[in-house]
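Asker: Sequence and computational prediction follow.
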Amino acid sequence: SSGAALAKDKTPSAIVVGGGLAGLTAAYELQNKGWQVTLLEAKPGMGGRSGLATSEWIGNAKAQPVLNQYLDRFKLETLPAPEFVRTPGYLIDGEYFSATDLATKQPATAEALKRYEKTLDDLARSIDDPLNPQANSTLFALDQINVSTWLDKLQLPTT
């Protein structure tokens with residue numbers, strides 16, 4: 001008999017390497033579909049780098065509902081992001097600026113960054129249904145252009 005005929009009566013199996021959020025999710029979804037799953041993790045705990053992924057990286061339950069559901073399902077705790085994430089700095093032409101330095105030394109660039117960040121925040125707030133962002137006409141129009149064109153429309157300085 002053929003290998004396919006022998007395999008059809010067997011439960012499919014998989015090995016998932018890594019117990020980070022992606023590995024846990026893959027193992028969970030495969031197991032829910034009837035697969036026999038072996039999960040391999042080198043470290044003593046599960047979750048990988050998701051432990052560092054608070055709202056600064058992942059986003060809240062409205063912005064990232066599925067991701068947050070998996071964090072809850074796997075009972076993964078998150079920690080505040082490192083200081084360098086919470087206190088942004090800017091590397092411009094090889095020189096590092098804190099937000100305060102930038103406002104003092106390059107006020108036009110600092111103002112442009114504020115405008116850029118406000119535009120992103122406004123876009124995020126306009127998403128009523130994260131699973132169907134094209135239901136919003138603004139986001140639908142945004143999806144029709146590339147990032148370069150969108151940035152040009154903001155009329156930001158070249159920096």
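Answerer: Noted; the coordinates are in hand.
Asker: Give me the distance between the closest residue to residue 131 other than its chain neighbours and residue 132.
Answerer: With CB to CB, 6 or more residues apart in numbering as the measure, residue 65 is the residue that lies nearest to residue 131, at 7.3 Å, once sequence neighbours are left out. (Glycine included, C-beta is placed from N, CA and C.) Separation of residue 65 from residue 132 (CB to CB, to the nearest Å): 12 Å.
Asker: now swap in residue 42 and tell me
Answerer: With distances taken as CB to CB, residue 42 is found 39 Å from residue 132.
Asker: repeat for residue 43
Answerer: 37 Å.
Asker: hang on, the earlier thing: ok, residue 42 and residue 132, which is more surrounded?
Answerer: residue 132 (10 against 7; other CB atoms under 10 Å).
Asker: Is the residue nearest to residue 131 in contact with residue 127, as I believe?
Answerer: No. Applying CB atoms under 8 Å, one finds residue 65 not in contact with residue 127, separated by 11.0 Å.
Asker: of the two, who's got more company?
Answerer: Applying other CB under 10 Å to residue 65 and residue 127 shows that residue 127 carries more neighbours, namely 16 against 13.
Asker: ok, which stretches of this structure are strands?
Answerer: Taking DSSP state E as the criterion, the chain carries its strands at 13-17, 36-40, 89-92, 95-98.
Asker: Right, I'll leave it there.
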